[in-house]
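Undergrad: Would you be able to build a 3D model of this:
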Amino acid sequence: MNQQHRLALPTGNTIHWYEIESVLGKGGFGITYLARDKNLDKAVAIKEFLPTEFATRDPDYTVHPDSAQNEELFRWGLTRFIEEARVLSRFEHPNIVRVFTVFEENNTGYMVMAYEHGRSLKAILNEQNTLSEERLMKLLLPILDGLQLVHGKQFIHRDIKPDNIYVREDGTPVLLDFGSARQAIEGESRTMTTMVSPGYAPFEQYHAKGEEQGPWTDIYSLGATAFRAISGVNPIDAVTRSRALLEGKPDPQPLLTPENHPGYSPALLAAVNHALCFRMADRPQNLQQWIQELQGDDGATVLVDHTELSPLTAVTKADVASGKASVAESKQGNMRRVISAAVVLLVCLTAGFGVFHWSQPGAPDQTQTEQAQPEQSSPQQPDAEQVKLERTEAQRQQEMQARQEEESLLAEQRRKEEEARKAEAARQAEATRRQELEAEQARLKEAQRQQELARQELARKQALEKARLQAQQEMETRIALSRQEFEKRQGTKIDPYGINEYPVAKPLNSNVTIKVPAATKAWTSSGVMIERGKTYSISASGTWSVGKLCKPTDASGEGLYSLSCWDIGGQVVDGFSHSALVGKIGKGTVPFYVGNSFSFTAERDGALYFMVNDSAATFNDNSGALDVTITRQN
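TA: Presented below is the predicted three-dimensional model:
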């Protein structure tokens with residue numbers, strides 16, 4: 001690969017003994033480089049901790065949080081990165097990338113890993129679209145074996161996807177990029193980032209609570225990877241799934257079925273469906289359980305049905321189970337009871353006539369009685385047809401009454417269902433209102449927190465500015481005091497002498513001692529770059545001579561002159577002895593008397609030079625040298 005990244009270290013840059021060759025990849029938590037170990041002369045992969053969400057790189061290649069309020073988060077994340085790299089270095093498995101070492105430089109951390117030669121599973125799937133079951137299992141099972149070792153130490157990977165599974169040239173897989181790994185149980189519960197891989201990250205990875213993540217999180221990502229290798233399409237991302245479930249719609253994540261994928265065993269398809277369950281509790285809870293499902297062990301297969309209650313509606317329906325369920329059961333039961341009652345009523349009516357008719361065979365019926373009475377009381381006798389009509393009418397009336405009772409029962413049932421529906425709607429509306437109220441309270445609390453952080457940041461900046469101004473004022477006071485001393489020691493003119501620039505002047509951190517010869521007719525470089533506002537002290541020891549007729553002296557030049565050695569003028573800094581030590585700061589500036597010692601606060605930046613205070617005509621017979629020490633005091 002030859003990817004570029006605006007924050008990446010440049011090619012050829014060396015950290016420790018690793019020389020950067022190119023960028024292998026980049027993500028939310030850092031950049032991975034191809035580098036060469038110059039000690040062992042071999043290629044390695046180096047993961048740099050660079051969370052671009054809250055950190056950046058300075059021109060000197062150091063990494064810093066992008067604001068003061070992110071300082072604590074950056075330090076916490078760096079500590080976790082270092083600690084987890086140390087733990088991962090103890091994992092030795094042929095299908096888990098090997099971590100060699102970890103170190104800190106550029107104010108951040110670097111994890112050195114084995115560089116694997118091969119192709120990513122993503123590249124293979126882009127080319128071939130799908131994998132056979134045999135080839136997929138040859139990749140999955142070794143990865144699962146290695147991942148069991150990681151899970152056994154309470155770590156999870158958190159970023160398993162086709163991008164991070166490499167297939168070596170011999171066909172064996174290796175799981176890469178543990179830069180997002182975190183300890184699943186022990187340690188702090190917060191996470192560093194919200195960076196996820198859509199389609200391959202389960203919904204719990206979109207939460208800030210890391211304690212909800214565990215082996216089931218990696219199992220989801222492995223199931224998503226297997227889904228891509230079987231179906232040829234990416235899984236539906238967890239946010240889209242949650243939105244659909246929240247709206248009461250079916251889960252949009254397709255199920256793998258033997259009808260649509262005849263080249264794969266039902267056990268494999270069922271295991272992938274199980275791994276991709278939306279709810280954490282519905283998935284396999286550990287790798288061993290899922291491996292048994294993949295291999296089709298007896299009793300291990302779990303069938304997933306999207307027609308079941310979604311996890312987002314199950315709670316609601318459970319809350320009203322006693323209402324809605326009983327209503328539904330009552331409706332069905334009452335219908336059965338109404339119909340049964342009508343049938344029994346009709347049977348009883350019909351049977352009643354029969355009982356009445358057949359139970360008294362020896363008694364005269366009404367017609368016979370009327371016939372025995374005088375003719376004037378019963379002038380007409382009803383025929384059999386009229387009796388039949390009356391009986392039919394009675395049956396019709398009974399049927400109508402039964403229907404009315406049934407309709408009344410159904411109307412009552414509908415009323416109860418409507419009341420239950422309204423009660424459920426009211427409960428949901430109240431729940432929504434509470435959620436909105438809680439969200440508003442959380443928003444206000446967050447706004448107050450942000451205001452407090454802003455106030456603290458402003459106070460911090462004001463304190464820093466106050467301290468800076470105070471330091472500036474103190475520095476200017478020291479410069480002013482030094483200026484008065486300089487005025488006493490400075491000459492009146494710029495000298496005509498050349499400058500020896502070696503050693504090259506650099507800022508001084510502590511102290512340095514140099515030799516200043518008397519016989520050099522040029523300024524001697526001290527190798528020190530004087531910085532404005534810094535306080536320095538200069539001290540000289542030893543003796544030198546400015547002529548055979550003159551007495552040797554120290555850097556003060558005192559006791560030089562004798563009857564044969566006179567002050568004939570022409571000094572670099574007039575008014576001081578020919579054998580005194582003098583200096584100047586920067587080219588083209590007026591020199592000043594140093595003597596045995598001199599302390600000052602610099603008014604300007606510039607290289608510091610020294611020479612003897614002799615006249616131009618008498619340098620040739622000078623001899624000796626002084627040891628001059630320059631010390632930075634602040």
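Undergrad: make it CA atoms for all contacts and neighbour counts henceforth
TA: Fine.
Undergrad: Surely Val99 is in contact with Ser89?
TA: Yes: the pair Val99 / Ser89 is scored as a contact, 4.6 Å apart, by Cα atoms under 8 Å.
Undergrad: quick one, which of those two is more surrounded?
TA: Taking neighbours as other Cα atoms under 10 Å, Val99 and Ser89 compare with Val99 leading, 23 against 17.
Undergrad: Tell me what that one is bridged to.
TA: Beta-bridge pairing of Val99 under DSSP bridges involves Met113.
Undergrad: contacting residues around it?
TA: 85, 88-91, 111-114 (Cα atoms under 8 Å, 6 or more residues apart in numbering).
Undergrad: now do 7 Å
TA: For Val99, the contacting residues are 88-89, 112-114, by Cα atoms under 7 Å, 6 or more residues apart in numbering.
Undergrad: same thing with Ile143?
TA: Going by Cα under 7 Å, 6+ apart, Ile143 touches 95, 173-175.
Undergrad: So for the spatially closest residue to Gly569 that is not a sequence neighbour, what's the pLDDT?
TA: Spatially, and ignoring its direct neighbours in sequence, Gly569 is nearest to Ser615 (7.1 Å; Cα to Cα, 6 or more residues apart in numbering). pLDDT recorded at Ser615 is 78.
Undergrad: Give me the neighbour count for Ser615.
TA: 18.
Undergrad: quick revisit: which among the contacts of Ile143 gets closest to Thr629?
TA: Leu175 (59.0 Å; Cα to Cα).
Undergrad: The closest one: neighbour count?
TA: The local packing of Leu175 (other Cα under 10 Å) involves 25 other residues.
Undergrad: That one pairs with what?
TA: Judged by DSSP bridges, the bridge partners of Leu175 are Ile96, Ile165.
Undergrad: residues contacting it?
TA: Contacts for Leu175 were tallied using Cα under 7 Å, 6+ apart; they are 95-97, 143, 164-166.
Undergrad: For Gly118, see how far away it is.
TA: As judged by Cα to Cα, to the nearest Å, Leu175 and Gly118 stand 12 Å apart.
Undergrad: Report the set of residues contacting both of these two.
TA: Shared contacts of Leu175 and Gly118, defined by Cα under 7 Å, 6+ apart, comprise Tyr166.
Undergrad: which one of the contacts of Leu175 is nearest Ile514?
TA: Val97 (53.6 Å).
Undergrad: Not counting sequence-adjacent ones, nearest residue to that closest one?
TA: Val97's closest residue in space is Leu176 (Cα to Cα, 6+ apart), at 5.4 Å.
Undergrad: residues near the one you found, how many?
TA: What Leu176 shows, counting by other Cα under 10 Å, is a neighbour count of 23.
Undergrad: Make sure it is actually in contact with Asp163.
TA: No: when contacts are counted by Cα atoms under 7 Å, Leu176 is not listed as touching Asp163 (8.7 Å).
Undergrad: and stretch 459-472, what's its mean pLDDT?
TA: Summarised as a single mean, pLDDT over stretch 459-472 is 92.
Undergrad: Off-centre distance for it?
TA: Centroid separation for stretch 459-472 versus its chain: 34 Å, with Cα atoms, centre = their mean, to the nearest Å.
Undergrad: So what touches that stretch?
TA: Contacts of stretch 459-472 (Cα under 7 Å, 6+ apart): none.
Undergrad: likewise stretch 606-621?
TA: In contact with stretch 606-621 (Cα under 7 Å, 6+ apart) are residues 505, 516, 518-519, 521, 523-526, 528-531, 546-547, 570-573, 577-586.
Undergrad: C-alpha coordinates for stretch 13-22, CSV please?
TA: Output of stretch 13-22 as CSV, limited to C-alpha atoms (Å, rounded to 0.1, in the frame of the first residue of the first chain):
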residue,chain,number,x,y,z
ASN,A,13,11.6,9.4,9.6
THR,A,14,13.2,7.3,12.4
ILE,A,15,11.7,6.5,15.7
HIS,A,16,13.9,4.5,18.0
TRP,A,17,15.7,2.3,15.4
TYR,A,18,12.6,1.9,13.1
GLU,A,19,12.7,3.8,9.8
ILE,A,20,9.2,4.6,8.4
GLU,A,21,8.8,3.4,4.8
SER,A,22,5.1,3.9,4.1
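Undergrad: Return the set of buried residues in that stretch.
TA: 14, 18-22 (16 or more other Cα atoms under 10 Å).
Undergrad: same thing with stretch 544-557?
TA: Using 16+ other Cα under 10 Å as the test for burial, stretch 544-557 gives 544-547, 550-557.
Undergrad: can you check stretch 207-225 too?
TA: Quick answer for stretch 207-225 (16+ other Cα under 10 Å): 210-211, 213-225.
Undergrad: Would you confirm that Thr130 contacts Val233?
TA: No: using Cα under 7 Å, Thr130 makes no contact with Val233, being 8.9 Å away.
Undergrad: Compare neighbour counts for these two and give me the winner.
TA: Taking neighbours as other Cα under 10 Å, Thr130 and Val233 compare with Thr130 leading, 18 against 12.
Undergrad: could you list every residue that touches that one?
TA: Here Thr130 is in contact with 229-232 (Cα under 7 Å, 6+ apart).
Undergrad: Mind doing that once more with 6 Å?
TA: Listed by Cα atoms under 6 Å, 6 or more residues apart in numbering, the contact set of Thr130 reads 229-230, 232.
Undergrad: Leaving out the residues flanking it, which one is nearest to it?
TA: Spatial nearest neighbour of Thr130, chain neighbours left out: Ala229 (4.7 Å); criterion: Cα to Cα, 6+ apart.
Undergrad: same question, Ile20
TA: Distances taken as Cα to Cα, 6+ apart put Ala35 closest to Ile20, at 4.4 Å, once the chain neighbours are dropped.
Undergrad: Looks to me like the one you found is in a strand.
TA: Yes: counting by DSSP: H, G, I helix; E, B strand; the rest coil, Ala35 is found in a strand.
Undergrad: I'd like the next helix or strand past the longest helix along the chain.
TA: The residue-count maximum for a helix in the chain (DSSP state H) belongs to helix 384-489. Later in the chain than helix 384-489, the nearest helix or strand by DSSP states H and E is strand 498-500.
Undergrad: Which parts of that next one count as buried, going by neighbours?
TA: For strand 498-500, the neighbour count (16+ other Cα under 10 Å) marks no residue as buried.
Undergrad: How about stretch 153-165?
TA: 155-165.
Undergrad: Can you show me the helices along the stretch 51-200 of the chain?
TA: Counting by DSSP state H, counting those that start in this stretch, the segments of the stretch 51-200 of the chain that form helices are 71-88, 121-128, 133-152.
Undergrad: Determine which of those helices approaches Arg604 most closely.
TA: Nearest of the helices of the stretch 51-200 of the chain to Arg604, taken as Cα to Cα: helix 71-88 at 34.9 Å.
Undergrad: Could you list the residues in contact with the closest one?
TA: Outside helix 71-88, the residues within contact range by Cα under 6 Å, 6+ apart are Pro65.
Undergrad: quick one: average confidence on it?
TA: Helix 71-88 carries an average pLDDT of 89.
Undergrad: Just the CA atoms of that helix, as CSV, please.
TA: C-alpha atoms of helix 71-88 as CSV (Å, rounded to 0.1, in the frame of the first residue of the first chain):
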residue,chain,number,x,y,z
GLU,A,71,-5.6,16.5,28.0
GLU,A,72,-6.9,14.0,30.6
LEU,A,73,-8.7,11.9,27.9
PHE,A,74,-5.6,11.8,25.7
ARG,A,75,-3.4,10.7,28.7
TRP,A,76,-5.9,8.0,29.8
GLY,A,77,-6.1,6.7,26.2
LEU,A,78,-2.3,6.6,25.8
THR,A,79,-1.9,4.8,29.1
ARG,A,80,-4.5,2.2,28.0
PHE,A,81,-2.8,1.8,24.6
ILE,A,82,0.6,1.1,26.3
GLU,A,83,-0.9,-1.2,28.9
GLU,A,84,-2.9,-3.2,26.4
ALA,A,85,0.0,-3.5,24.0
ARG,A,86,2.1,-5.0,26.8
VAL,A,87,-0.6,-7.6,27.5
LEU,A,88,-1.2,-8.4,23.8
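Undergrad: Fine by me, thanks again.
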